[in-house]
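Asks: Sequence unavailable; structure follows:
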């Protein structure tokens, strides 16, 4: 399982979930890979993109296309995997081939059912109390690309705006651990 707490620097609530998950016991029967912050530049600057203005969620190879000029909100970079952070995450995904990948975003407060493992998405949504909704799948998105490496593995959880309460963090961690325990 792969968990990405923060791909957009201005959508950082998932970092608390990632940290709480790694603070707990390691799963006995599964490999758990956690990337608390994929975009440290953006998180420090509170911007969607990295220091080069690249939106990592438009920088992956699946149907990549040049989107927006440098500095625009959806700037996809100079080419697929043009950024070192994207290349490192892509290499990790190719190596470990996660059967489930959860990528946290904000602020829509939904579980995106447009791609990924439907039964797991439904169970996760019920357990954390978020509605299910099919969102637009963008060119160059990380989950779209991960799903080309391991079919129907990755999905997006859009957290509500702002920081999560301690109770909410525990609920998300419990839902992730349920997925792990159910194999």
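Replies: Happy to help now that I have it. Given the structure is predicted, the values throughout are model-derived calculations rather than measurements.

Asks: from what I can see residue 134 touches residue 113, true?
Replies: Yes: using C-beta atoms under 8 Å, residue 134 is in contact with residue 113, at 5.1 Å. C-betas here are computed from N, CA, C, even on glycine.

Asks: Could you grab the helix/strand/coil label for the most centrally placed residue in the chain?
Replies: Geometric centre of the chain, nearest residue: residue 103, 1.5 Å, by C-alpha atoms, centre = their mean. Per DSSP: H, G, I helix; E, B strand; the rest coil, the local secondary structure of residue 103 is strand.

Asks: Could you list everything it pairs with in the sheet?
Replies: residue 4, residue 156 (DSSP bridges).

Asks: from here on, count from 31
Replies: All set: I'll call the first residue 31, so the last point we hit is now residue 133.

Asks: Enumerate every residue touching it.
Replies: 34, 37, 172-173, 184-187 (C-beta atoms under 8 Å, 6 or more residues apart in numbering).

Asks: 10 Å instead, please
Replies: Contacts of residue 133 were listed using C-beta atoms under 10 Å, 6 or more residues apart in numbering, and they are 32-38, 44, 65, 68, 87, 142, 146, 171-173, 176, 184-188.

Asks: Same check on residue 31?
Replies: By C-beta under 10 Å, 6+ apart, the contact list for residue 31 reads 51, 57, 60-64, 126, 128-132, 183, 206-207, 209-210.

Asks: The helix ranked longest in the chain packs against which elements?
Replies: Taking DSSP state H as the criterion, the chain has its longest helix at helix 196-212. With contacts taken as 3 or more C-beta pairs under 10 Å, 6 or more residues apart in numbering; DSSP states H and E, helix 196-212 sits against strand 32-34, helix 44-53, strand 131-135, helix 148-158, strand 184-188.
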